[in-house]
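Enquirer: Okay, sequence plus prediction incoming.
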Amino acid sequence: MASKRKVGEAKLEKEELDLFVDAPPDDGDDEDGDTSDSEESVYSGLEEEPSSEEEEEEDDNSSDNGDHGTEDTPDIPGPATDVTTGPAGTSSTERLDNRPPPDEYEFDSSDEEDIRNTVGNIPMEWYNDYPHIGYNLDGKKIMKPAKGDELDEFLNKMDNPDYWRTVKDKTTGEDVKLTDEELDIIQQIQNGKYPDKAYNPYEPYIDFFTHEKMIHPVTNRPRDKRSFIPSLVEKEKVSKLVHAIKMGWIKPRKARDDEPKYYDIWENDNQYTPDKRYQTHIPAPKLKLPGHEESYNPPPEYLPSEEEILAWNQADPEDRRQAFLSKKYDALRKVPAYAGFVKERFERCLDLYLCPRQRKMRANVTAEDLIPKLPKPRDLQPFPTILSVVYEGHTDIVRCICVEPTGQWLVSGSDDETLRFWEVATGWCRKVLQLGGRVRSVAWCPNTAVCLVAAVVDNTVIIINPTLGDKLVYHSTDNLLNTYEAPESLETKLPVEWLAAEGKEHDTGIRLRIAHPKTIRQVTWHGKGDYFAVVMPDGGSMSVLIHQLTKRRSQNPFRKSKGLVQCVLFHPVRPFLFVATQRYVRVYNLLKQELTKKLMANCKWVSSMAVHPGGDNLIIGSYDSRLSWFDMDLSTKPYQTLRHHKRALRQVCYHKKYPLFASASDDGTVVICHGMVYSDLLQNPLIVPVKILRGHKVTKNLGALDCQFHPTQPWVFSCGADTTVRLYT
C-alpha cells in the first residue's frame, strides 16, 4: 500500500506541474506567491519539450478521460497560483492528500510507454522496402504516410508558408512543425551559444573543495602504475639528446672562469696595445735577390747580342723583360755607378707607402664541386631516344599535332590547308580533309566515349568526326550531335554562330562550324570532353570564349581583358582555368568566379604552357628561349628556369603517366627532361635533362613547332617547318 500511495502522489504532483506550466504567467501573483520558482525557470522555453514521463502520464490522463468520462476526473483548481501555493504558504500536495490513491496498475511505468513506434533504436533504412515503418503499442503496423512526387514537394514548398520550419520524423514518417522555442534553440546552437537563452555561464564559481576544511581526502584512488615506472617517452628524449651530444650537434656550456681579473690602474693611456687588426699585418714582399744577369762579370750566355740590344732600346720600358742590360767588366773597381738607382729606390718607397695590402681568403674549390650532383640518364629510363617513324605527306609547314586518347591515331594540321589522320604504328595516312585555310590548332577530344576533333581555321572552329576506330563510338557520337534541339530563346547573344554541316561537308566528316569575329590561335578541351575553350588574341574583352558542345552555347568568362592572351588550359582535376598573357599566368576558379593566383613568368613573351597531371606544377615556354617550372604550392615565381634551347620555344608538354616533359624550339631540337614530382611536400621536384632529339631542319627560321607525348608509351611526336611529323621512341 505504501508503494501505491507513493505512485499516486507522484502522479498528482506531475498533473499539478503540467497545470502550472500551461497556465499563463501573472505578474501580480509572483509578488505574493512563493519566489522559489522564478519566471525564468518556468518559462524558459523548455516546456514545449516535455520529458518522456510527462508524455506518458498525459497519454494516460487522456486515455482515462476517454474511457471513463468525467466521473474519475479530479477537481483541479482554476488559477495556477492556487495550485502551487496557498494563502498560508501550504503546497498543493498537502491539500490533495485526502484523495484516494490511484491504482498502480492503471498505467505502465516503463520507459517506452510514450513511444508510438516500438521498433527501438535501429536504423530506419531497414524499412525502406516495406509499406509500414514500424509497430505501435498494440502490435499493429504503422503504415507510411502518403508521399507525393517531386512536383508535389515543389508545390508544397511554394504554397506552405511553414515549409521551412517543417522536418520529417523518421520513426513515424510524418511532418513535424517546429515551434518558435525549438527554432530559438536551434539558432542558439548554430551560433555556438547555449541552447537556453536564460542560462548564465558567468555565474560566480563556488569552490566546493577549498572553502570548507575537510577531514577525509577527496579521493582515495591508488596511484597509477606509470607514477613509479620509468617513462618510455622520457627515455626516448634522453637517448636523442645523448646521440646529439655524441655527434657534436649539442655542445656543453663552457666552464665559467671564476678567476678574478686584475687591471693596471697606473697604465698610460697613450701606451700602444697591439690589437687584432695590427696582429694580422701582412709584411711587404721582399725584393728579388740579384742573379747572374746583374753580375759585373756574367757568363757569356747572359750577355745580349746586337739584335737584342737594338730590340731592347726600341721597346717601351713597360715591355722590357729587365730594366738593364748586362755588361762585362774586368774588375769590380771599373764598374760605374748605376744610373737608375735613385729612381728604383723612390718607386720602392712609393710601393711600400701607397700600395694597400690585405689578406685574401681563397677557397680551394674545384670546378667539379660546382656542378650539381644529378643522376645518370640511363638510371632514369624509359624516355625517347631514337627516331622511329617519319610521317610524310604535307606540302607546307606542319603547325600542330594531336594524339588520340587511346594512342592509335594521330592528327596533324598544316599550312597547306589540309588535316591528315595517321596511324601511329605504321605511318599510314588514313584520311585527308581539305579545310580551305591554314590549320592553326588542332585538339582531339579527351573523352574516349566520343570521337571528335576540333580544328582551328582562321576565325572558325570546325568539329570533325573522323570515323576512325570503333564503329559504335563514332556512330554514338553522331547520335549525340543529332539529338540537339535549339532553345526557343537565348539569354545572351555573343557574336558566335553555330552552323551544322550538310551535304558533302557532312560526308567528309565535318559536323559543326563555329564562326568567331576574330582570328583564333588555340583551341583546348576540358577533361570531361563537353567544354572547349578558344583564344582570340585580338578579341579584346572576348579574347577567351568557352563553348559547350551538347547545348551548343557559348559564354565569355571575362568582362575585360587583362592583356594579350596567348593560351589557356583547363586544370586536369580542379575547376581552374589557366590564362597566360605575355608576362603573367592567371589562375581562375570557375566555380567561385574569382582570381586564385597570379604567376610571374619572368620572361618577355610567353609562347605555351602545360599543366602536370597532378595539377600542382606548371611549365611555361617563352620566345626568349626559357622554360620555367612553377610549383604552385611553393611560390608564384619560377622554381627553376631552364635554358637548353638557343632559339624560341614553340611548345611544351607533360607526359600523362611517365615523369617526363618535353620542349620544342625553333633550333630544330626537342629536349626531353625527367621531371619527378614527389608526394612528399617537403621534397623538391627532380628535374634532369636526359636527351636532345634532332631531326627537323630549320626552314624559314622555323624549326620544331609542336610536340606531343603518346598517352601510354614513352614516345614523343614532333612536327616542324620541314613538312614532316616525326615519332621518337
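Expert: Looks like it came in fine.

Enquirer: Touching, residue 714 and residue 382? I think so.
Expert: Yes. Using CB atoms under 8 Å, residue 714 is in contact with residue 382, at 4.3 Å. All C-beta atoms are positioned from the backbone trio N, CA, C, and that covers glycine.

Enquirer: Is residue 152 located within a helix, as I assumed?
Expert: Yes. Counting by DSSP: H, G, I helix; E, B strand; the rest coil, residue 152 falls inside a helix.

Enquirer: higher neighbour count, residue 714 and residue 382?
Expert: residue 714 (18 against 11; other CB atoms under 10 Å).

Enquirer: Show the contacting residues for that one.
Expert: 382, 383, 384, 655, 658, 660, 729 (CB atoms under 8 Å, 6 or more residues apart in numbering).

Enquirer: Mind doing that once more with 6 Å?
Expert: Contact analysis of residue 714 by CB atoms under 6 Å, 6 or more residues apart in numbering lists 382, 383, 658.

Enquirer: now, which of these sits nearest residue 328?
Expert: residue 383 (75.5 Å; CB to CB).

Enquirer: Number of residues surrounding the closest one?
Expert: A count of neighbours around residue 383, defined by other CB under 10 Å, yields 22.

Enquirer: again with residue 309
Expert: 12.

Enquirer: That one: which element?
Expert: helix 306-314 (DSSP states H and E).

Enquirer: What average pLDDT does that helix get?
Expert: Averaging pLDDT along helix 306-314 yields 91.

Enquirer: Disregarding residues adjacent in the polypeptide, which is nearest to residue 615?
Expert: Leaving aside its chain neighbours, residue 615 sits nearest to residue 573 (4.7 Å; criterion: CB to CB, 6 or more residues apart in numbering).

Enquirer: Output the contacts of residue 714 as CSV; include the columns distance to residue 140.
Expert: Formatted as CSV, the contacts of residue 714 follow (distance: CB to CB, whole Å):
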residue, distance to residue 140
382, 73
383, 75
658, 68
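
Enquirer: Strands - which of the residues you listed land there?
Expert: The members of the contacts of residue 714 all map outside strands under DSSP state E.

Enquirer: Report the beta-bridge partners for the nearest residue to residue 688 once chain neighbours are set aside.
Expert: Spatially, and ignoring its direct neighbours in sequence, residue 688 is nearest to residue 674 (4.5 Å; CB to CB, 6+ apart). Beta bridges link residue 674 to residue 660, residue 688 when assigned by DSSP bridges.

Enquirer: Surely residue 674 is in contact with residue 691?
Expert: No. Using CB atoms under 6 Å, residue 674 is not in contact with residue 691, being 9.4 Å away.

Enquirer: Near residue 466, how many residues? Count them for me, please.
Expert: As a burial measure, residue 466 scores 21 neighbours (other CB under 10 Å).

Enquirer: could you measure it against residue 427, distance?
Expert: As judged by CB to CB, to the nearest Å, residue 466 and residue 427 stand 17 Å apart.

Enquirer: before we move on, what about residue 676?
Expert: 32 Å.

Enquirer: circling back to that earlier point, how about the contacts of residue 714 in TSV, adding pLDDT?
Expert: TSV is the format used below for those (pLDDT from 0 to 100):
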residue	pLDDT
382	90
383	92
658	93
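
Enquirer: between those residues, which is closest to residue 177?
Expert: Closest to residue 177 out of the contacts of residue 714 is residue 658 (61.5 Å), distances taken as CB to CB.

Enquirer: For residue 352, see how far away the closest one is.
Expert: From residue 658 to residue 352 the distance is 68 Å (CB to CB).

Enquirer: for residue 155, same thing?
Expert: The separation that residue 155 has from residue 352, given CB to CB, amounts to 108 Å.

Enquirer: Was I right to think residue 671 contacts residue 690?
Expert: No. The pair formed by residue 671 and residue 690 falls short of the contact definition of CB under 6 Å, at 8.8 Å.

Enquirer: of those two, who's got more company?
Expert: Comparing residue 671 with residue 690 by other CB under 10 Å, the one with more neighbours is residue 671, at 23 against 20.

Enquirer: Who are the contact partners of the more buried one?
Expert: The contact partners of residue 671, by CB under 6 Å, 6+ apart, come to 644, 663, 692.

Enquirer: Grab the nearest non-local neighbour of it.
Expert: In space, residue 671 comes closest to residue 644 once its chain neighbours are excluded; the distance is 4.7 Å by CB to CB, 6+ apart.

Enquirer: neighbours of the one you found, just the number please.
Expert: There are 16 residues near residue 644, going by other CB under 10 Å.

Enquirer: Could you number the chain from 16 rather than 1 from now on?
Expert: Understood, numbering begins at 16; the last thing we discussed is residue 659.

Enquirer: Could you measure from it over to residue 600?
Expert: Look at residue 659 and residue 600: by CB to CB, they are 21 Å apart.

Enquirer: before we move on, the earlier item: residue 673 and residue 367: which is more packed in?
Expert: A direct count of neighbours by other CB under 10 Å for residue 673 and residue 367 places residue 673 higher, at 18 against 11.

Enquirer: ok, so what distance separates the more buried one from residue 437?
Expert: Distance, residue 673 to residue 437, using CB to CB: 22 Å.

Enquirer: what's the answer for residue 404, then?
Expert: Residue 404 is 9 Å from residue 437, by CB to CB.

Enquirer: quick one: which of these two has more around it?
Expert: Comparing residue 404 with residue 437 by other CB under 10 Å, the one with more neighbours is residue 437, at 23 against 18.

Enquirer: So what pairs up with that one in the strands?
Expert: In beta-bridge terms (that is, DSSP bridges), residue 437 pairs with residue 425, residue 444.

Enquirer: wait, it sits on residue 406?
Expert: Yes. Using CB under 6 Å, residue 437 is in contact with residue 406, at 5.1 Å.
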